[in-house]
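S.K.: The following block contains a protein sequence and its predicted model.
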Amino acid sequence: MSEKLNLTKQLSEYIAGARAAELPSAIVERAKIHILDALGAIVSGSLLKPGRLIVDFVRTQGGAPQASVFATELRTSAMHAAFANGVMAHADETDDTHFPTVTHPGSVVVPSAFALAEKEQSSGGDFITAVVLGYDVMCRVSKTLDRKWMQDRCIHAGSISAGFGAAATAARILRLSAKQARYALAFAGTQASGLTTWRDDPEHSDKALCHSGIPARNGVSAALWAQGGLTATEDIFEGPENIIYAFAEEAHPEELTRELGSRYEILDTGIKIFPAGQPMQATLTGYFRLVKEHGLKGREEIQKIIVRLPESQSRTINDRHMPDINCQYLLAVAMLDGKIDFHNSHDFERMHDPQVLELKKRVEIVADAELTRIHPAVRAGIVEIVTFDGRQFKLLIDRTPGAPYNPLSPAEIEEKFLSLSVPVLGQDKSAAVAQRVSNLEQLADMSELGNFLRREN
């Protein structure tokens, strides 16, 4: 089937052609809020252990000063900048999520595009085109592969598809020809890698590398190799030996180019309102709505919290070793502090606080069959609160703020960005970044924006 579709030719011609830049105004606006959201994730990720360590590593590697490592004074090669910013973008769970494929395109595509856009002094309009294209290619490749088959074999489909998204983004920024774009996609396939072993890492480092940093670096490398004249197969998606055959028992090759240029994957990508894992968004939304609506006083009144989630999400957040995806911890802190912010959601030390440990016992997690049935298209949760005096309150959250079908407004995204960026870059630089991203299509040179994302040591 894939041979008849001629997938690689169609996709590479779209990557290199004029049609990819013919974006509806609504897609341009949507892209800008995802770009700002990704920049906030990178800047805040610089404070966390994976971010700090990757910056230390990149400092030792040298490289021509082509692109910025955000939240530092460092400029390095485009490959190293994409790598470092990619790791920081997914150093925690603040970045966006593509609902159908459960991938994190912003943390891969934006670092890849930015690293080369600074090097090439690309315009903001070209940057937007490359970002939208990267979301499309990454998510379409993921839909094409057999994610269940891969998951059962410990292969991470998101990492492999991310490399293709980064390569497409980089190819667009570098203005590669259609033939060069074919080679860039082939080099992304050559580097295809990613195991689900990151689940066992208690500090999120392997996850940040696997989901974002490595694919961003690989995609930028792939495009640069193609630009430099290196050659590869021209048929990575349908040749006699191809990426789909390697990673799919039941493939869906038609997904790669179906409605390409008229349907945009960025519209199926959600933004998190809380600085915590995606499965916690409905849970925290439900908790805070019930508390506000009924005037509850947190730990003083709440005897029990029952959280119902899809089966896979109930496992993901059940007493995990990382605070930002530990349901019991986050609800305990919510009862104590009355809020969830970047600092209390990433406080490893506080996970051992006696008060927190005691309140965690009040939280029960249930895998719900009906919510499992509609997942992942709908990321829903049910929160039930029982008070000490016997009152019971229950709420279904099936339109989580920030979900693709209930998007946040530009003002809400800017508020989130500033909350993450101001403690790192300061008020003036953070406001300058937000202002320029809001008018990004008018920016003549992306290096100007890069200047505001750096800081002096």
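M.R.: In hand now; what should we look at? Nothing here was measured: the structure is a model prediction, and the numbers come from that model. Residues are numbered from 1 along each chain as shown.
S.K.: where do the strands sit along the protein?
M.R.: Using DSSP state E, the strands assigned to the chain run over residues 67-68, 75-76, 97-98, 269-270, 302-309, 363-367, 381-387, 392-397.
S.K.: Nearest approach to R59 belongs to which of those strands?
M.R.: strand 75-76 (8.2 Å; CB to CB). To be clear about C-beta, it is placed using only N, CA and C from the backbone, and glycine gets the same treatment.
S.K.: List the contacts of the spatially most distant residue from the centre of the chain.
M.R.: Relative to the centre of the chain, and counting by CA atoms, centre = their mean, the farthest-placed residue is D389 at 42.0 Å. The neighbours of D389, taking CB atoms under 8 Å, 6 or more residues apart in numbering as the test, are E301.
S.K.: looking at the strands of the chain, which is closest to S25?
M.R.: Closest of the strands of the chain to S25 is strand 269-270, at 18.0 Å (criterion: CB to CB).
S.K.: so what secondary structure elements neighbour the closest one?
M.R.: Contacts defined by 3 or more CB pairs under 8 Å, 6 or more residues apart in numbering; DSSP states H and E place strand 269-270 against strand 97-98.
S.K.: Check the offset of the strand it packs on from the chain's centre.
M.R.: Offset of strand 97-98 from its chain centre (CA atoms, centre = their mean, to the nearest Å): 6 Å.
S.K.: Buried residues of stretch 256-273, list them for me.
M.R.: Using 16 or more other CB atoms under 10 Å as the test for burial, stretch 256-273 gives L256, T257, L260, Y264, E265, I266, D268, T269, G270, I271, K272, I273.
S.K.: My error: substitute stretch 69-77 in the last question.
M.R.: Buried-residue list, stretch 69-77, by 16+ other CB under 10 Å: V69, F70, A71, T72, L74, R75, T76, S77.
S.K.: For that stretch, give me every contacting residue.
M.R.: 39, 42-43, 46, 51, 55, 58-59, 61-68, 80-81, 84-85, 88, 424-425, 453-457.
S.K.: Kindly check the end-to-end length of it for me.
M.R.: End-to-end distance of stretch 69-77 (CA to CA, to the nearest Å): 10 Å.
S.K.: now it: how far from the chain's centre is it?
M.R.: Distance, centroid of stretch 69-77 to centroid of chain: 21 Å (CA atoms, centre = their mean).
S.K.: Show the average pLDDT along that stretch.
M.R.: Stretch 69-77 shows a mean pLDDT of 97.
S.K.: what does stretch 180-187 give?
M.R.: 98.
S.K.: swap in stretch 94-112?
M.R.: Stretch 94-112 comes out at a mean pLDDT of 96.
S.K.: That one: which residues count as buried?
M.R.: So for stretch 94-112, counting by 16+ other CB under 10 Å, buried means 94-99, 101-112.
S.K.: Quote the end-to-end distance of it.
M.R.: 18 Å.
S.K.: With stretch 205-219 instead?
M.R.: Taking CA to CA, stretch 205-219 runs 20 Å from one end to the other.
S.K.: Centre of the chain to it, how far?
M.R.: With CA atoms, centre = their mean, you get 11 Å for stretch 205-219.
S.K.: repeat for stretch 271-279
M.R.: 11 Å.
S.K.: swap in stretch 273-290?
M.R.: 17 Å.
S.K.: In that stretch, which residues are buried?
M.R.: 273-288, 290.
S.K.: With stretch 25-40 instead?
M.R.: By 16+ other CB under 10 Å, the buried positions in stretch 25-40 come out as I27, R30, A31, K32, I33, H34, I35, L36, D37, A38, L39, G40.
S.K.: Can you give me the distance of the last one to G270?
M.R.: Distance check for G40 against G270: by CB to CB, to the nearest Å, it reads 15 Å.
S.K.: cool, L309 as well?
M.R.: 16 Å.
S.K.: repeat for K9
M.R.: For K9, the distance to G270 - CB to CB - is 32 Å.
S.K.: picking that back up, just the buried ones from the contacts of stretch 69-77, in PyMOL syntax?
M.R.: Buried residues within the contacts of stretch 69-77, by 16+ other CB under 10 Å, are selected in PyMOL with:
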select buried, resi 39+42+43+46+51+55+58+63+66+67+68+80+81+84+85+88+424+425+453+454
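S.K.: What are the boundaries of the helices in the stretch 251-400 of the chain?
M.R.: Assigned by DSSP state H, counting those that start in this stretch, the stretch 251-400 of the chain shows helices spanning 279-294, 311-316, 327-337, 354-360, 369-374.
S.K.: right, so of the ones you listed, which gets closest to A232?
M.R.: Nearest to A232, of these and by CB to CB, is helix 311-316 at 36.0 Å.
S.K.: and the closest one, what does it pack onto?
M.R.: helix 279-294, strand 363-367, helix 369-374.
S.K.: quick one: strands adjacent to the shortest one?
M.R.: Looking back up the chat, that one is strand 363-367. Applying DSSP bridges to the sheet, strand 363-367 is found paired with strand 302-309 (parallel).
S.K.: Now do the strand it pairs with against strand 381-387, angle only.
M.R.: Inter-element angle recorded for strand 302-309 and strand 381-387: 170 degrees (by axes from the mean of the first three to the mean of the last three CA atoms, to 10 degrees).
S.K.: This completes my enquiry, with thanks.
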